[in-house]
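Enquirer: Show me the folded form of this:
(2 chains)
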Amino acid sequence: MNENLFASFAAPSMMGLPIVVLIVMFPSILFPTPSRLINNRLISIQQWLIQLTSKQMLAIHNQKGRTWALMLMSLILFIGSTNLLGLLPHSFTPTTQLSMNLGMAIPLWAGTVVTGFRYKTKASLAHFLPQGTPLPLIPILVVIETISLFIQPMALAVRLTANITAGHLLIHLIGGATLALINISATTAFITFIILILLTILEFAVALIQAYVFTLLVSLYLHDNT
Amino acid sequence: MLRRMVLSAAAAAAPCLRNAALLGPGALQATRIFHTGQPSLAPVPPLPEYGGKVRLGLIPEEFFQFLYPKTGVTGPYVLGTGLILYSLSKEIYVITAETFSAISTIGLLIYVVKKYGASIGEFADKLSEQKIAQLEEVKQASIQQIQDAIDTEKSQQALVQKRHYLFDVQRNNIAMALELTYRERLHRVYREVKNRLDYHISVQNMMRRKEQEHMINWVEKHVVQSISAQQEKETIAKCIADLKLLAKKAQSQPVL
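Expert: This next block holds a predicted model:
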């Protein structure tokens, strides 16, 4: 049994060396580069998936927004693969660390906002005031919109962290419940095990969905500002 | 670089070799040999079509073959079972909450792979198939285009061979037209000349007729003038006497 419930979320170090950098860089090995015209099955499927996702995600953007294509596709691939790899037993998921998610969210969000202010200053400032507000409400609304703007990166980061961490914790807890129930009553343990399986299916879905949501929101912020 | 050093050292040591050192770089590069080995990248060897055989999805077949001579068929399985039981009993691998999540995750993965693995493989193969078919189609279309161009060119060349028929027909047509025009003109000339000659003939005829008429009139007039009254009486009496004689002859002969 781990010392406490949260030991699996500690930054991993082997013999005192922080190997979290290696763990963060590991998923990139799983995406091989296509080197020939006709590749093996893995690369073919990977190419097809990336084409599908990028077409769907970049459809709403104009020419300026499409320069972010590489960034957005790398983002969704990284978050998706990291989340999925974290479901394996005894693995460490970098996206459970708030520090890393903030490190992803704040620069991307700031990039979109600065782009908007630089190229379309009036339109970006106009986002602070929704259309058709009655005159006395304008000052309050501007303040509220500013707060909601600055909450965006926090929300991005915390959403991803909380979802993945909560999922991992639940799996851990229910696994522990199954373990404890085996000695008491095998049937209940079995039911709990079924719950665990269902939860695992959910976690697979959540892993992919969270990646998608993160990237989608960044792309939405981009769309507002280009 | 070392060769250059050797050359410069030789030049420093023996001044007569200084000329050789001046030519040194050229000679150096001339003696450097390029491209003697096999090119390492081309042609790229083909990828193997299927991966190596594995048992239980993890352990390569070669391991089982390696242990076969000593331990037979069940050897590796017994080894695996023994290792697992050893690690469990000595608590080298501890059963924790993580174990159950591992069982559920890995179990799920194995189920999905067994159920949908083949169809996903076929899908990937189909993607490659489509790509190759597209390129093949382009190639075939290009070949077809060129083939059509060749056929057109050949038929054009064949037509050129048969052009002389056309020229012959045209030549014949022109010859006939020329002949026609010539004969037409000939006929016209003939008619014109005949016209003129006819004119002259009719003028002559008319003159002769006029002269004849004139002469007859003149003769008649003079004859009539020359007949006096007495001659006329004598002539008439003679005629009556002749007639009486004739009548008598006619009466004397019987009617036959």
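
Enquirer: who touches stretch B:59-76?
Expert: B:G52, B:K53, B:V54, B:R55, B:V78, B:L79 (C-beta atoms under 8 Å, 6 or more residues apart in numbering or on different chains). For glycine as for every other residue, the C-beta is placed from the backbone atoms N, C-alpha and C.

Enquirer: Restricted to strands, list those.
Expert: Assigned to strands by DSSP state E, the following of those qualify: B:V54, B:R55.

Enquirer: Need the contacts of stretch B:59-76 in JSON lines (columns: neighbour count, pLDDT and distance to A:M104).
Expert: Formatted as JSON lines, these follow (neighbours: other C-beta atoms under 10 Å in any protein chain shown; pLDDT from 0 to 100; distance: C-beta to C-beta, whole Å):
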{"residue": "B:G52", "neighbour count": "8", "pLDDT": "85", "distance to A:M104": "38"}
{"residue": "B:K53", "neighbour count": "9", "pLDDT": "87", "distance to A:M104": "42"}
{"residue": "B:V54", "neighbour count": "13", "pLDDT": "87", "distance to A:M104": "37"}
{"residue": "B:R55", "neighbour count": "12", "pLDDT": "85", "distance to A:M104": "41"}
{"residue": "B:V78", "neighbour count": "12", "pLDDT": "94", "distance to A:M104": "49"}
{"residue": "B:L79", "neighbour count": "13", "pLDDT": "94", "distance to A:M104": "45"}
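
Enquirer: Out of the contacts of stretch B:59-76, which is nearest to A:P89?
Expert: Nearest to A:P89, judged by C-beta to C-beta, of the contacts of stretch B:59-76 is B:V54 at 21.1 Å.

Enquirer: could you list every residue that touches that closest one?
Expert: With C-beta under 8 Å, 6+ apart, B:V54 has these contacts: B:P60, B:E61.

Enquirer: just to revisit the earlier point, check the contacts of stretch B:59-76 and tell me the two furthest apart.
Expert: So, those by C-beta to C-beta: farthest apart are B:G52 and B:V78, at 23.3 Å.

Enquirer: how near is the nearest residue to A:L222 once chain neighbours are set aside to A:L196?
Expert: Leaving aside its chain neighbours, A:L222 sits nearest to A:T112 (4.8 Å; criterion: C-beta to C-beta, 6 or more residues apart in numbering or on different chains). Remark: distance between A:T112 and A:L196 (C-beta to C-beta, to the nearest Å) = 39 Å.

Enquirer: Which residues of chain B lie near chain A?
Expert: B:44, B:47, B:94-102, B:104-108, B:120-121, B:123-125, B:127-128, B:131-132, B:135 (C-beta under 8 Å from any C-beta of the partner chain).

Enquirer: rerun that using 10 Å as the cut-off
Expert: B:44, B:46-49, B:51, B:94-109, B:111-112, B:120-129, B:131-132, B:135 (C-beta under 10 Å from any C-beta of the partner chain).

Enquirer: taking these one by one, which sit in strands?
Expert: Among the residues of chain B next to chain A, no member lies in strands (by DSSP E).

Enquirer: Return the subset of those residues lying in helices.
Expert: B:97-109, B:111-112, B:120-129, B:131-132, B:135 (DSSP state H).

Enquirer: which stretches of the chain form helices?
Expert: Since no chain was named, I'll use chain A. A:20-25, A:41-57, A:69-85, A:98-119, A:121-126, A:138-184, A:186-225.

Enquirer: Switch to chain B, please.
Expert: B:2-13, B:18-22, B:24-31, B:61-71, B:75-89, B:97-161, B:163-226, B:229-252.

Enquirer: Low-confidence regions, the chain specifically.
Expert: Just so you know, I chose chain A. The model of chain A has pLDDT under 70 over residues A:1-18.

Enquirer: hm, I was asking about chain B
Expert: Looking at chain B by pLDDT under 70, you get B:1-30, B:35-40, B:254-256.

Enquirer: any idea which residue sits dead centre in it?
Expert: B:T152 (1.4 Å; C-alpha atoms, centre = their mean).

Enquirer: hmm, back to that, how about CSV for the helices of chain A, with distance to B:A241 and mean neighbour count added?
Expert: Shown next, in CSV, are the helices of chain A (distance: least, C-beta to C-beta, whole Å; neighbours: other C-beta atoms under 10 Å in any protein chain shown):
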stretch, distance to B:A241, mean neighbour count
helix A:20-25, 179, 14
helix A:41-57, 155, 14
helix A:69-85, 160, 19
helix A:98-119, 162, 17
helix A:121-126, 162, 12
helix A:138-184, 174, 16
helix A:186-225, 162, 18
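
Enquirer: Rebuild those as CSV, extending it with distance to B:I146.
Expert: Formatted as CSV, these follow (distance: least, C-beta to C-beta, whole Å):
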stretch, distance to B:I146
helix A:20-25, 51
helix A:41-57, 32
helix A:69-85, 39
helix A:98-119, 51
helix A:121-126, 55
helix A:138-184, 57
helix A:186-225, 47
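
Enquirer: between those, which one is nearest to B:I227?
Expert: Nearest to B:I227 among the helices of chain A is helix A:41-57 (144.0 Å), distances taken as C-beta to C-beta.

Enquirer: tell me the angle the closest one makes with helix A:186-225.
Expert: Inter-element angle recorded for helix A:41-57 and helix A:186-225: 50 degrees (by axes from the mean of the first three to the mean of the last three C-alpha atoms, to 10 degrees).

Enquirer: which other helices and strands contact helix A:41-57?
Expert: Contacts defined by 3 or more C-beta pairs under 10 Å, 6 or more residues apart in numbering or on different chains; DSSP states H and E place helix A:41-57 against helix A:69-85, helix A:186-225, helix B:97-161.

Enquirer: And the last one, what does it pack against?
Expert: Using 3+ C-beta pairs under 10 Å, 6+ apart as the contact criterion, the secondary-structure elements in contact with helix B:97-161 are helix A:41-57, helix A:138-184, helix A:186-225.

Enquirer: ok so, going back, distance of the residue nearest to the centre of chain B from chain A?
Expert: From B:T152 across to chain A, the span is 33 Å (C-beta to the nearest C-beta, to the nearest Å).

Enquirer: quick one: contacts for B:G51?
Expert: A:N40, A:R41, B:P60 (C-beta atoms under 10 Å, 6 or more residues apart in numbering or on different chains).

Enquirer: do A:N101 as well
Expert: Counted by C-beta under 10 Å, 6+ apart, A:N101 has contacts A:79, A:94-95, A:153-154, A:156-162, A:164, A:214.

Enquirer: List the backbone torsions phi and psi for A:P134.
Expert: When read as degrees, to the nearest 10, the backbone of A:P134 gives phi -70, psi 150.
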